[in-house]
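> Quick one: sequence and predicted model below, then my questions.
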Amino acid sequence: MRKNYTFESKVWLWPGETGSWHFISLPKEESALWREKHKGIHRGWNSLKVTVTLGKTSWDTSIFFDTKSSRYLLPIKKKVRKAEDVLEGDLVKIRLVLI
């Protein structure tokens, strides 16, 4: 059974040399629930496969659990940011479906 998770979050830029990577952090409470509920199906880098919808754009990707923040991180591709006119600091609505 697939379940949709919808939330809003700000787009942020990864610090350091790889500063062109844009991410969205899933809410901390939701991240904790997903982490516990989906034990055993995580892939490399503590990732889960998801289908994401931002605006009119949908794509398959992975979310990655960050132990420092205790949140899943969702990378936002340049192609998606361009199509949806999304910049660092923008508040966006995201829909995730675990696949």
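In hand now; what should we look at?

> secondary structure element for the most centrally placed residue in the chain?
Centroid-nearest residue in the chain, with CA atoms, centre = their mean: L74, separated by 2.1 Å. Using DSSP states H and E, L74 maps to strand 71-76.

> and that strand, which residues are buried?
Going by neighbour count (16 or more other CB atoms under 10 Å), the buried part of strand 71-76 is R71, Y72, L73, L74, I76. For glycine as for every other residue, the C-beta is placed from the backbone atoms N, C-alpha and C.

> Same question for stretch 21-28.
Buried residues in stretch 21-28, counted by 16+ other CB under 10 Å: H22, F23, I24, S25, L26.

> can you check stretch 87-98 too?
D90, V92, I94, L96, L98.

> Contacts made by that stretch with the rest, please.
2-13, 22, 24, 26, 34, 38, 48-55, 63, 74, 81, 84, 86 (CB atoms under 8 Å, 6 or more residues apart in numbering).

> Pick the one among the buried residues of stretch 21-28 closest to T67.
Closest approach between the buried residues of stretch 21-28 and T67, by CB to CB: S25, at 13.1 Å.

> isn't the closest one right up against V11?
No. S25 lies out of contact with V11 (CB atoms under 8 Å); the separation is 9.7 Å.
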